[in-house]
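Colleague: No letters, just coordinates:
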């Protein structure tokens, strides 16, 4: 089954990855190669795209890229945006021929949202965002309607490989909270169905202990746990979006075992995981065995090894 079949009903997809050479641009190229004639594509990159694997952009696709990119002069210029990059402002053009190139695009979610909206207004049926490194923020609902996770297996410590993979996906797919705080710039405790703001000092710990749920603004990190240290029973922590959780595998597992629950206010669905299990010379697992194992631990989520599908 092709990757496009997983994207039915979605308008914009981001490809995010676990690190360098995790297969993000390769995944983008598979989608672009599968697109039938008549499907109007929009393509951009979050920052400077992969250098080792250039994008293969079909003729007549709309491309959003910095105007100083090498292929900019091969586009029919349609619009200039307010997004700025070190490589110039971001323009949108139509590919007059099939192109193969590394492109640079917006650098922040605000600019990416503007570019996505403009591509949509220009009639794109599907907008593809090629991610960079491990920018999990591209899974934001502000950037896309859904996302694909490209797993670069060589990026993981092989002693913790399967646990790392499972934890990555668990964090990105936490459930959506049934209750929404009044704002996203303050700490809140949900007590008897009422959101009460609190500050980061010990006198508020009693309030938090009464809470059915707390909202944590911005990033939830190892430092955040220091404030909540000593919590013996489970706590429900809600963040604005899943990508804002930055915890080690050890702490993630420990908190879950102690009954902690994590939720988010918004999220984009993870529709597919692509596997790059043999990008480096040091990786020894058999690709087919690796695919079977990852598929098993992530079930019912679909996993595709693009190289095995060639």
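Modeller: Now that the structure is in, tell me what you want to look at. From a predicted model like this one, the values you see are computed outputs, not experimental measurements.

Colleague: Residues contacting the helix or strand residue 149 falls within, please?
Modeller: Secondary structure here is read from DSSP states H and E; on that basis residue 149 sits in strand 146-152. Contacts of strand 146-152 from elsewhere in the structure, counted by Cβ atoms under 8 Å, 6 or more residues apart in numbering, are 3, 6-7, 10, 12-24, 26-27, 131, 138-139, 165, 168-169, 172, 268-276, 279, 294. (Glycine included, C-beta is placed from N, CA and C.)

Colleague: could you point out which element follows the helix or strand of the chain with the lowest mean pLDDT?
Modeller: Every helix and strand of the chain was ranked by mean pLDDT, DSSP states H and E. The lowest is helix 205-210, at a mean of 74. Proceeding N to C from helix 205-210, the next assigned helix or strand is strand 213-215, under DSSP H and E.

Colleague: how far does the very next helix or strand once past that next one sit from the chain's center?
Modeller: Using DSSP H and E, the next helix or strand after strand 213-215 towards the C-terminus is helix 222-227. Averaging C-alpha positions (Cα atoms, centre = their mean, to the nearest Å) puts helix 222-227 24 Å from its chain's average.

Colleague: For the next helix or strand after helix 222-227, name the packing helices and strands.
Modeller: Under the assignment DSSP H and E, the closest C-terminal helix or strand after helix 222-227 is strand 236-239. Taking 3 or more Cβ pairs under 8 Å, 6 or more residues apart in numbering; DSSP states H and E as the contact definition, the neighbouring helices and strands of strand 236-239 are strand 213-215, strand 261-264.

Colleague: And the average pLDDT for the shortest one is what?
Modeller: Mean pLDDT, computed over strand 213-215, is 92.

Colleague: other SSEs contacting that strand?
Modeller: Judged by 3+ Cβ pairs under 8 Å, 6+ apart, the packing partners of strand 213-215 are strand 187-191, strand 236-239.

Colleague: Can you point out the buried residues in the first one?
Modeller: Okay, so that is strand 187-191. Of the residues in strand 187-191, those buried by neighbour count under the rule 16 or more other Cβ atoms under 10 Å are 187, 188, 189, 190.

Colleague: same question, stretch 92-110
Modeller: Using 16+ other Cβ under 10 Å as the burial criterion, the residues of stretch 92-110 that qualify are 92-95, 99, 101-107, 109.

Colleague: Dump the residues you listed into a markdown table; add distance to residue 196 and secondary structure as well.
Modeller: Below are the buried residues of stretch 92-110 laid out as a markdown table (distance: Cβ to Cβ, whole Å; DSSP: H, G, I helix; E, B strand; the rest coil):
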| residue | distance to residue 196 | secondary structure |
| --- | --- | --- |
| 92 | 46 | strand |
| 93 | 51 | strand |
| 94 | 53 | strand |
| 95 | 54 | strand |
| 99 | 55 | strand |
| 101 | 53 | strand |
| 102 | 50 | coil |
| 103 | 47 | coil |
| 104 | 45 | strand |
| 105 | 41 | coil |
| 106 | 37 | coil |
| 107 | 37 | coil |
| 109 | 29 | helix |
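
Colleague: Taking these together, which two end up most distant?
Modeller: For those, the farthest-apart pair by Cβ to Cβ is 99 and 109; their separation is 26.1 Å.

Colleague: wait, what's in contact with the nearest residue to residue 23 once chain neighbours are set aside?
Modeller: Take residue 23 and drop its neighbours on the chain: the residue closest to it by Cβ to Cβ, 6 or more residues apart in numbering is residue 276, 3.5 Å away. By Cβ under 8 Å, 6+ apart, the contact list for residue 276 reads 21, 22, 23, 26, 150, 151, 152, 153, 154, 305, 306, 307.

Colleague: Residue 113 versus residue 43, what's the distance?
Modeller: 16 Å (Cβ to Cβ, to the nearest Å).
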